[in-house]
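Peer 1: Give me the fold of what follows.
(2 chains)
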Amino acid sequence: MVASYRSVPKNSHVTAQQTYQTIKKAYKEQVKQKSDTLMNYFLASFFVVGLILANFYDTWLFAVGVGGLSLVAYYSVKLLLPRTETYQYIVSIVFGIFMAQFIYQMHGLFEMHFIAFIGSAILITYQNWKLQIPLAALVIVHHATFGYLQYIGYDKVYFTQLDYMTLQTFIIHGILATVVFFICGLWAWQLRRLNERQIELTYEMGRFQEEQVQQKVLLRSNEELKKSNKELDGFVYSVSHDLRAPLSSMLGVIGLCEMGAPDPFMQKNISLLKSSIKKLDGFIMDILDYSRNSRLEINRQEIHFNDLLSDISNNLKFMGASDQRNVEIRMTIRNGVPFHSDQSRLSIILNNLISNSIRYQNPEVPDPFVEICVDVCETAANILVRDNGIGIGKENQEKVFNMFYRVSTKSVGSGLGLYIVKETVEKLSGVIKLKSELGGGTEFSIRLPNLSN
Amino acid sequence: MDYKYKYVMVIDDNPIDLYIAEMVMSTTKFAEKVICVPSAREALAYLKPLNDRPDELPSLIFLDINMPEMTGFDFLDEYQHLPENIRKKCIIMMLTTSLDERDRKQAELNEFVKRFLNKPLDRDKIAQLM
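Peer 2: Okay, the predicted model is just below:
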C-alpha cells in the first residue's frame, strides 16, 4: 500500500517532465513550419518585385540572375540540411542580397534601403534574435563597400542618387539601421521568452489540475476503503455472533444434560460433544482475532501488565482438558517506566502463547508451569514466555508460525494461533523468536517497541 | 425452599437460551420464577405496569445484546425513561455471545448495567452470582 502510494507521484513526475519537453518541442516545430511557409511567399514576392523593378532601367539579367541564384541557394540548403537552422541564416543573407539588388536595379533609389528593414522585421517570425546578425553584417559590408566605391567615383555602382554623401549622413544612416536590427532582434528574443513562459504556465496549470484530480481520486478511494473496512467489520461481527450464538446454546444445553445425567457412558459422549463445540468456537475466535488484527488501526494506550496478565490467567484457569493438570502461571514484571502499546493486540499475543503452554504441557514433568517475564524500558518491552511443556522439534520450529500449520495430529488447535501471534507482533512492529527442544520446554521471546510518543 | 430471588427476568430472542436460563436458574434455586420474554419491546411492556406493584418487579434482568428489532442497547435507552421505582428495583446484567470489546465497553459505561456475562449461562456462573 505504502510502496504503491509512493511510486505514483514519482512516475507521474517523470512522465510529466517528458510531457513538458514534448509540448515545448511541438511548439517550436509549429513556429518553424509556419515561418517556413511565410518565407516561401516572401521570397517569391521579392523575386517578382525584382522582375517589376527590371522595367525601370532594363535590369532583367540582374533581376533573374541574382534573385534566381538567391532562391536556388536558399532552397538547396533547406533541402540538404532540413534538420538544422542553417537555411534560416541563409534567408537572412538572401534578404540582404535582395536589398542590394533592388538598390542597384533602381540606380540608388534611397527608399530601396528600406528593404533591409522589411527583411529584418520578417525574420522576427522565427523568434531567434541571432538571425538578425547575417543581415546586419551584410548590410554593413554592402554599404561600406559600395558607398566607398561611389565616393571614389567608381562608375555604375548606384549606391545612392545623391551626388555627394557626407560621412555624417553615412554614420547616422548606419546607426539607425543598427537600431532597427537591434530592436527586431530584441522583439524576437522577447517573443520566444514570453511564449516559453506561456507554455510553462499552461503546463503547470494542467499538472496542477491533474494533481488535484489525482488527489480527489486518492481521497475517494481512501474513503471507499474506510467504508468497506467498516462494512467488513460489521460483517465479521455479525457472522461471528451468528456462528457463535448457536454454539453457546449447544454448550448451554449440554450443561443442562451434565446436570442430570449420571450415566458414565452419556457423560463421556457429552464431554466429547463439548470439546468439539469448544474447538469450533476457538476456531471462530481465532479467525476473528486474525481479521481484527489485520484491519483495525493500532489503538495506543498505557499497558498495565499486572492487570492484563492476571485477567488472562483468570480466563485460562479452566481451559485445560478435564484429564489435564492445572498449569502454574508465574509472572515477573519489571516496569520502571510506563509502556504504551495496543492492549487488545497484546492480549491476543499473550493469550495464545499462554494457552499453548497449558495445552501442550508435558505429562512427564511433575510441576507443569508457564513463566512470563516482562521487562520494560524506555524504548521497548521484552516479554519472555517460557514453559516446561512438550517442546517443538528443530525441524518444525520454522513452520509453527505458518498459517494452519499443526505440529502433529495430537495438536488440538486451529493451526492459526502462532500465525496470529506472529502477524500481531509484526503489526506492533515487534520481533518474536522461538527457542525450544523436544521434551525440554519452549521459550518465546518478544520485543515490542514502546509507543510512548 | 429458599430461592435467592423471587423474580428474575431474561430477555432473549433465542428460545433455547431462554430455556437454558430458566432450567439453570430453577435447578440451582437461583430464582423462584423466571420471566422469559422473547423481545426487548415485550420486556418494556411487561415492566411499565408494574410501577404500581413493585413487589412483582424482577430483582435481576438478564439482557441479550444482539436481538432483532430492538437490541439490548436500545432497551437500555428506553429503560432510563422508566419510572424511578422500577429502575431502583431492577439490576441489569448483560448476557451475550459477543466477545467484542466495544460491546463490553459500551455496557460497562451504562449506569444500569452491573455485569457483563458471556453465554452460555451455566451452574458456575450462577454460583458466582449467588
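Peer 1: In this structure A:Phe253 contacts B:Ile20, no?
Peer 2: I think there's a mix-up here, since residue A:253 is Val and not Phe. Yes. Counting by C-beta atoms under 8 Å, A:Val253 does reach B:Ile20; the two are 6.2 Å apart. In short, each C-beta sits where N, CA and C put it, glycine included.
Peer 1: Tell me which of these two has more neighbours.
Peer 2: Under the criterion of other C-beta atoms under 10 Å in any protein chain shown, the comparison of A:Val253 against B:Ile20 puts B:Ile20 first, with 26 against 18.
Peer 1: Chain neighbours aside, what residue packs nearest to the more buried one?
Peer 2: Closest residue to B:Ile20 apart from its sequence neighbours, by C-beta to C-beta, 6 or more residues apart in numbering or on different chains: A:Gly252 at 3.6 Å.
Peer 1: Strands along the chain, start to end?
Peer 2: I'll assume chain A. A:300-303, A:328-335, A:339-342, A:369-376, A:380-387, A:431-436, A:442-449 (DSSP state E).
Peer 1: actually it's chain B I care about, not the one you picked
Peer 2: With DSSP E as the criterion, chain B has strands at B:5-11, B:31-37, B:60-63, B:91-96, B:113-118.
Peer 1: now chain A, which segments are flagged as low pLDDT?
Peer 2: Applying pLDDT under 70 to chain A flags residues A:1-17, A:163, A:261, A:318-324, A:408-412, A:453.
Peer 1: Now chain B against chain A: closest residue?
Peer 2: B:Pro120 (3.2 Å; C-beta to the nearest C-beta).
Peer 1: ok, that residue to B:Tyr3 distance?
Peer 2: The gap separating B:Pro120 from B:Tyr3 is 21 Å, by C-beta to C-beta, to the nearest Å.
Peer 1: Neighbour count: the two, which is higher?
Peer 2: Between B:Pro120 and B:Tyr3, counted using other C-beta under 10 Å, the more crowded position is B:Pro120 (23 against 15).
Peer 1: Quick check: closest non-adjacent residue to the more buried one.
Peer 2: Of all residues not flanking B:Pro120 in the chain, A:Gly252 sits nearest, at 3.2 Å (C-beta to C-beta, 6+ apart).
Peer 1: what about residue 109, how many neighbours?
Peer 2: Picking chain A for this. 16.
Peer 1: Chain B is the one I meant
Peer 2: By the criterion of other C-beta under 10 Å, B:Leu109 has 8 neighbours.
Peer 1: how many degrees apart are the lengthiest helix in chain B and strand B:31-37 in direction?
Peer 2: The residue-count maximum for a helix in chain B (DSSP state H) belongs to helix B:15-27. Orientation of helix B:15-27 against strand B:31-37 (axes from the mean of the first three to the mean of the last three C-alpha atoms, to 10 degrees) gives an angle of 170 degrees.
Peer 1: So which bits of helix B:15-27 are buried?
Peer 2: Neighbour counts over helix B:15-27 (16 or more other C-beta atoms under 10 Å in any protein chain shown) mark B:Ile16, B:Asp17, B:Leu18, B:Tyr19, B:Ile20, B:Ala21, B:Glu22, B:Met23, B:Val24, B:Met25 as buried.
Peer 1: which outside residues touch stretch A:165-180?
Peer 2: Residues outside stretch A:165-180 that contact it (C-beta atoms under 8 Å, 6 or more residues apart in numbering or on different chains): A:His113, A:Ala116, A:Phe117, A:Ser120, A:Ala136, A:Val139, A:Ile140, A:His143, A:Gly147, A:Tyr151.
Peer 1: Double-check the fifth one against A:Phe181; I have them as touching.
Peer 2: Yes. Judged on C-beta under 8 Å, A:Ala136 makes contact with A:Phe181 at a distance of 4.4 Å.
Peer 1: Touching both of those two, which residues are there?
Peer 2: Counting by C-beta under 8 Å, 6+ apart, the residues touching both A:Ala136 and A:Phe181 are A:Ser120.
Peer 1: Quick check: residues of chain A near chain B?
Peer 2: Residues of chain A lying close to chain B by C-beta under 8 Å from any C-beta of the partner chain are A:237-238, A:240-241, A:244-245, A:248-249, A:251-253, A:255-256, A:259, A:285, A:288, A:344.
Peer 1: cutoff 6 Å now
Peer 2: When proximity is defined as C-beta under 6 Å from any C-beta of the partner chain, chain A approaches chain B at A:His241, A:Arg244, A:Ala245, A:Ser248, A:Ser249, A:Leu251, A:Gly252, A:Gly255, A:Leu256, A:Ser344.
Peer 1: Hmm, B:Gly72 and B:Ile65 touching each other?
Peer 2: Yes. Taking contacts as C-beta atoms under 6 Å, B:Ile65 lies within contact range of B:Gly72: 3.9 Å.
Peer 1: which residues does A:Trp378 contact?
Peer 2: Actually, residue A:378 is Glu rather than Trp. A:Val337 (C-beta atoms under 6 Å, 6 or more residues apart in numbering or on different chains).
Peer 1: how close does A:Leu71 get to A:Ile93?
Peer 2: A:Leu71 is 12 Å from A:Ile93, by C-beta to C-beta.
Peer 1: Which part of the stretch 151-300 of chain A gets nearest to chain B, residue-wise?
Peer 2: A:Gly252 (3.2 Å).
Peer 1: Roughly how far does that residue sit from A:Gly413?
Peer 2: Applying C-beta to C-beta to A:Gly252 and A:Gly413 gives a distance of 24 Å.
Peer 1: can I get the CA coordinates of stretch A:57-66 in PDB?
Peer 2: Written as PDB, here are the backbone C-alpha positions of stretch A:57-66 (Å, rounded to 0.1, in the frame of the first residue of the first chain):
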ATOM      1  CA  TYR A  57      16.300  50.600 -66.000                       C
ATOM      2  CA  ASP A  58      16.200  47.400 -68.000                       C
ATOM      3  CA  THR A  59      18.000  45.200 -65.400                       C
ATOM      4  CA  TRP A  60      16.400  41.900 -66.500                       C
ATOM      5  CA  LEU A  61      19.500  39.900 -66.400                       C
ATOM      6  CA  PHE A  62      20.300  41.200 -63.000                       C
ATOM      7  CA  ALA A  63      16.800  40.500 -61.600                       C
ATOM      8  CA  VAL A  64      16.700  37.000 -62.900                       C
ATOM      9  CA  GLY A  65      20.300  36.200 -62.200                       C
ATOM     10  CA  VAL A  66      20.900  37.500 -58.700                       C
END
